[in-house]
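Novice: Compute the structure for the input listed below.
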Amino acid sequence: MSESLRAESRGIRFFALAGLIVAVHLAALAVLLTTEYGPFAITLSVLAWVFVNCFLLVVLQRPAICAALALAFIAILIALSHFKFGILQLTLTFLDFLIIDRDTFSFLLSVFPRLQMQLIAAGLVAAPLLWLIWRFDPFRVRRRFALTGVAATAALIAAMAVASPEQAWEPFQGVNHISNLARSGVVAVSRLASTGWIEADPPADRPLLTREARAAGRTTLPPAEACDATAKRPHIIMLLDESSFDVTSAPGIKVPAGYADYFKSSDGKQRTMIAESTGGPTWYTEFNVLTGLSARSFGDLKFYVTRIAAGRVTRGLPRALQRCGYKTVSLYPTYGDFLSARAFQKGTGVGEFIDMAGMGVNEDMQPDTFYYDQALKVFAREQPQRSPVFMFVYLTANHFPWWSVYRPDLTPAGWKPPGNTDEVDEYIRRQAMTANDYREFTERLKRDYPDESFLVLRFGDHQPAISQKLLEPGIDRGLLAKRLMAADPRYFSTYYAIDGINYSPYNLSSALETLDAAYIPLVLQEAAGLPLDPSFAEQKSIMLRCKGTFYACRKGAEARRFNRLLIDAGMIKGL
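Specialist: Numbers count the residues shown, from 1 in each chain. Okay, the predicted model is just below:
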């Protein structure tokens, strides 16, 4: 081949590769412009895209392969964010990459069993294409120039994130996937650098002690008192009542006669539980009632509280009950890998974790009667052992959405819509179903086990999403966001109720009229007549000092001190 032909060939290859690089960058820009909304989000996402390109150039130096990898990376992130939003109503955040565990991949494969083969097929197609681009790319970029781009874009992203901090509601909108991811990275790095995973007082020269221990001059926590594991104890059932609260706290709501009776305990009192979530994350309350701790102690990282705490937080209600001879069981309504629920609960002392697959179903929204039947099966199986049983049972029939009628065949006899909007009437109808099913469940326990005693504590895990447009009709969206950010009790109040079946609760002194969810384990243990270990005894003194509040007491000082106490006692590890 003549020199002129070789030069022409090199020229064609040069312009072809240059055109390919431009086309790839234009494709990436088009993807961002169709998934980001508003000048701020678009600018931030473009900066993130430039950052990824420059970072890859530092490593590879070849702009063509870097552009292709950056496009693929951005597209995959957006696809994953859409997937996550479809499951959790939350877009992708930086913490999804900071906390990568086996459970996350297992859950993905459980929900999408064909995903593994699809990923393998995509890899087989992409690998040779990327190799060809690498092989024929004639361009090189100096690492110094690429490093300058990395530093400049990182500084601009951080400056924009600080100037306009991400609002708590933004990741729940399902848009602006890349810009939200970039801002969440700034927040997470800042949070971990300043306070670590969990808020706690700094280490002291010697471990922090309970007030009683300080008075006695001890330098370590006293050992837990022995609990007679052979004593006859009531079986304990803790019911998580999905999205349930007394809807009459909203103005103008019509309800059937006797509606409020369901929210009363067997002593006739109606009590309020203050949850740490509203309209969504059940796992905040799951964390509260199993550990007795606050999800708010994890700050901006609290959405991942069960994943963070899995295997690291060992203090909990189930472990305290095991000390007194209880068999501890959790009936979990979805796959156990979801947000590391199985690992988290087992770390707190749950001995047997039965998830959706273990119950033999492939849908996570079953009638309450289904879960009650599962609980009765477990109890019947454990009866020959003669050990007291603790069961944590989730009810899901009242899960959103309420714009469609769920299981009309289970509507209680005589039910008539009270005359609210269709959505609110459906919500109340499902509450009536729950009340009816609970009544039948307790009657079965009385009938089938007349010689056994049961303590039942039930609670609403959070308010339904519809409460945000019912409690203050017509409220400005910005003002509503401020109320939610400030944890306004109007939007976080649910209920808790304590019932005895062939049993009168032993001690209800901790069952205050209004109580933070983190104190539920304390209430349950005292109602069952169990001795408190030193950590729960100290928490009771906090509850009494703070009149039922936990995290908010003294602007978080009590929670920070208590977290340090548990860290020093080895009940919180690696955080």
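
Novice: Flag the shaky bits of the stretch 151-300 of the chain, pLDDT-wise.
Specialist: In the predicted model of the stretch 151-300 of the chain, residues 166-169, 172, 204-225 satisfy pLDDT under 70.

Novice: where do the helices sit along it?
Specialist: Using DSSP state H, counting those that start in this stretch, the helices of the stretch 151-300 of the chain run over residues 177-194, 211-216, 282-291.

Novice: Just name the most buried of those.
Specialist: Ranked by mean neighbour count, the helices of the stretch 151-300 of the chain are led by helix 282-291 with a mean of 26 (mean count of other Cβ atoms under 10 Å). C-beta here means a position set from N, CA and C on the backbone, and glycine is covered the same way.

Novice: Tell me which other helices or strands that one touches.
Specialist: On a contact count with 3 or more Cβ pairs under 8 Å, 6 or more residues apart in numbering; DSSP states H and E, helix 282-291 meets strand 235-241, helix 305-309, helix 317-323, helix 341-347, strand 389-395, helix 520-527.

Novice: Recalculate using a threshold of 10 Å.
Specialist: When contacts are defined as 3 or more Cβ pairs under 10 Å, 6 or more residues apart in numbering; DSSP states H and E, helix 282-291 packs onto strand 235-241, strand 272-274, helix 305-309, helix 317-323, helix 341-347, strand 389-395, strand 454-460, helix 520-527.

Novice: partners of the first one, with directions?
Specialist: Counting by DSSP bridges, the strands paired with strand 235-241 are strand 389-395 (parallel), strand 454-460 (parallel).

Novice: That one to helix 282-291, inter-axis angle?
Specialist: Going by axes from the mean of the first three to the mean of the last three Cα atoms, to 10 degrees, strand 235-241 is angled at 160 degrees with respect to helix 282-291.

Novice: residue ranges for the helices of the stretch 401-550 of the chain, please.
Specialist: Listed in chain order, the helices of the stretch 401-550 of the chain (DSSP H, counting those that start in this stretch) span residues 422-448, 477-485, 489-492, 520-527, 534-546.

Novice: okay, the angle between the first one and strand 389-395?
Specialist: Taking the same axes, to 10 degrees, one finds helix 422-448 and strand 389-395 inclined to each other by 160 degrees.

Novice: Likewise for the second one?
Specialist: Between the direction of helix 477-485 and that of strand 389-395, the angle (the same axes, to 10 degrees) works out to 180 degrees.

Novice: Repeat that for the last one.
Specialist: Counting by the same axes, to 10 degrees, helix 534-546 points 50 degrees away from the direction of strand 389-395.

Novice: And helix 534-546, what does it pack against?
Specialist: Packing contacts for helix 534-546, counted by 3+ Cβ pairs under 10 Å, 6+ apart, involve helix 211-216, helix 317-323, strand 514-516, helix 520-527, helix 557-568.

Novice: Out of these, flag the one nearest Ala310.
Specialist: Ala310 sits nearest to helix 317-323 of all these, at 14.2 Å, using Cβ to Cβ.

Novice: for the record, mean pLDDT for that closest one?
Specialist: The pLDDT scores in helix 317-323 average 95.

Novice: cool, and stretch 344-360?
Specialist: So the average pLDDT for stretch 344-360 ends up being 95.

Novice: Buried ones in it, by neighbour count?
Specialist: 344-356, 359 (16 or more other Cβ atoms under 10 Å).

Novice: what's the most buried one of the helices and strands packed on helix 282-291?
Specialist: Highest mean neighbour count of the helices and strands packed on helix 282-291: helix 305-309, a mean of 26 (counted as mean count of other Cβ under 10 Å).

Novice: Quick check: Pro417 touching Pro256?
Specialist: Yes: counting by Cβ atoms under 10 Å, Pro256 is a contact partner of Pro417 at 9.4 Å.

Novice: list residues touching both of the two?
Specialist: Common contacts of Pro417 and Pro256 (Cβ atoms under 10 Å, 6 or more residues apart in numbering): Ile428, Arg429.

Novice: centroid residue for this protein?
Specialist: For the chain, the residue whose C-alpha lies nearest the mean C-alpha position (Cα atoms, centre = their mean) is Trp283; its distance is 3.9 Å.

Novice: re earlier: in TSV, list the helices and strands packed on helix 282-291 along with distance to Glu472.
Specialist: Output for the helices and strands packed on helix 282-291, formatted as TSV (distance: least, Cβ to Cβ, whole Å):
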stretch	distance to Glu472
strand 235-241	24
strand 272-274	18
helix 305-309	28
helix 317-323	34
helix 341-347	33
strand 389-395	28
strand 454-460	19
helix 520-527	27
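
Novice: The ones you listed: which one's closest to Val289?
Specialist: When the helices and strands packed on helix 282-291 are compared by Cβ to Cβ, helix 520-527 sits nearest Val289, at 4.5 Å.

Novice: And the closest residue to Asp96 other than its chain neighbours, its phi and psi?
Specialist: Excluding its sequence neighbours, the residue lying closest to Asp96 (Cβ to Cβ, 6 or more residues apart in numbering) is Lys84, at 7.3 Å. Lys84 has phi and psi values of phi -60, psi -40 when expressed as degrees, to the nearest 10.

Novice: In the stretch 451-575 of the chain, where is pLDDT below threshold?
Specialist: Scanning the stretch 451-575 of the chain for pLDDT under 70 picks out no residues.

Novice: so Gln374 touches Met391, yeah?
Specialist: Yes: counting by Cβ under 10 Å, Gln374 touches Met391, with 9.2 Å between them.

Novice: can you list residues touching both of the two?
Specialist: Contact with both Gln374 and Met391 is made by residues Val329, Leu331, Ile354, according to Cβ under 10 Å, 6+ apart.

Novice: Of the helices and strands packed on helix 534-546, which is nearest Ala64?
Specialist: When these are compared by Cβ to Cβ, helix 557-568 sits nearest Ala64, at 50.3 Å.

Novice: Let's test this: what are the backbone torsions at Val329?
Specialist: Main-chain torsions, Val329, degrees, to the nearest 10: phi -130, psi 140.

Novice: Kindly state the beta-bridge partners for it.
Specialist: Beta-bridge partners, per DSSP bridges, of Val329: Glu352, Met391.

Novice: Am I right that it is in contact with Pro388?
Specialist: No: with contact defined as Cβ under 10 Å, Val329 does not reach Pro388; the gap is 11.5 Å.

Novice: Name the residues contacting each of the two.
Specialist: Jointly contacting Val329 and Pro388 under the rule Cβ under 10 Å, 6+ apart are Glu382.

Novice: returning to that earlier point: residue contacts, the residue nearest to the centre of the chain?
Specialist: For Trp283, the contacting residues are 88, 277, 295, 302-307, 338-341, 344, 461, by Cβ under 10 Å, 6+ apart.

Novice: which one among these gets closest to Thr442?
Specialist: Nearest to Thr442 among those: Asp461, at 20.3 Å, using Cβ to Cβ.

Novice: Which residue, other than its chain neighbours, is closest to that closest one?
Specialist: Leaving aside its sequence neighbours, Asp461 sits nearest to Thr285 (Cβ to Cβ, 6+ apart; 4.2 Å).
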